[in-house]
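S.K.: Test case, fold it:
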Amino acid sequence: MSFNADNLDCKTQSSSGPLRDWRYTTNDAHTDVDATGYFAGMAAPARNSKGMKLLDSVEVIDVDTGTTTRHHVSAIDASGNVTISVATLS
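M.R.: As a prediction, the model looks like this:
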């Protein structure tokens, strides 16, 4: 399966800064969602209300397995394609 913008929702935006918290529901495994540029064209301001920014957090819900994983926006290329990575808590 490929990225579906209809399944990406902004849950919250920090009142103390510009970062957002996103929820993405998919049938794809989190390792597929972490692929370079998976979130094609989703960088701010390209999609305005759905514009993702570097370091935004993304909760990925895999409906096939029932698992939820936490990620963050780790890269944005010049075309506005967003790459996320599994978040590491320290």
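
S.K.: List the residue ranges of the protein that fall below the pLDDT cut-off.
M.R.: 1, 14-17, 46-50, 88-90 (pLDDT under 70).

S.K.: where along the chain do the helices fall?
M.R.: 30-33 (DSSP state H).

S.K.: Any idea which residue is closest to the centre of it?
M.R.: What sits nearest the mean C-alpha location of the chain, by CA atoms, centre = their mean, is Val58, with 4.5 Å.

S.K.: and that one, bridged to which residues?
M.R.: Beta bridges link Val58 to Trp22, His71, judged by DSSP bridges.

S.K.: Any idea how many residues pack against Leu55?
M.R.: 12 (other CB atoms under 10 Å). Yep, even glycine has a C-beta here, placed from its N, CA and C like the rest.

S.K.: so it makes contact with Pro18?
M.R.: No - the pair Leu55 / Pro18 is not scored as a contact, 9.4 Å apart, by CB atoms under 8 Å.

S.K.: can you pull out the strands in this protein?
M.R.: 8-13, 20-26, 57-62, 67-76, 82-86 (DSSP state E).

S.K.: do you know which of the ones you listed lies nearest Gly41?
M.R.: strand 82-86 (8.3 Å; CB to CB).

S.K.: hmm, who's touching that closest one?
M.R.: Taking contacts as CB atoms under 8 Å, 6 or more residues apart in numbering, the residues outside strand 82-86 that touch it are 30, 33-40, 42-43, 52, 58, 60, 69-77.

S.K.: What's the PyMOL line that selects buried ones from the residues you listed?
M.R.: In PyMOL, this line selects whichever of the contacts of strand 82-86 come out buried by 16 or more other CB atoms under 10 Å:
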select buried, resi 30+33+34+37+38+39+42+43+52+58+60+69+71+72+73+76
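
S.K.: quick one, what contacts the closest residue to Val82 other than its chain neighbours?
M.R.: The spatially closest residue to Val82, leaving aside those adjacent along the chain, is Phe39, at 3.8 Å (CB to CB, 6 or more residues apart in numbering). Applying CB under 8 Å, 6+ apart to Phe39 gives the contacts 3, 8, 52, 81-84.
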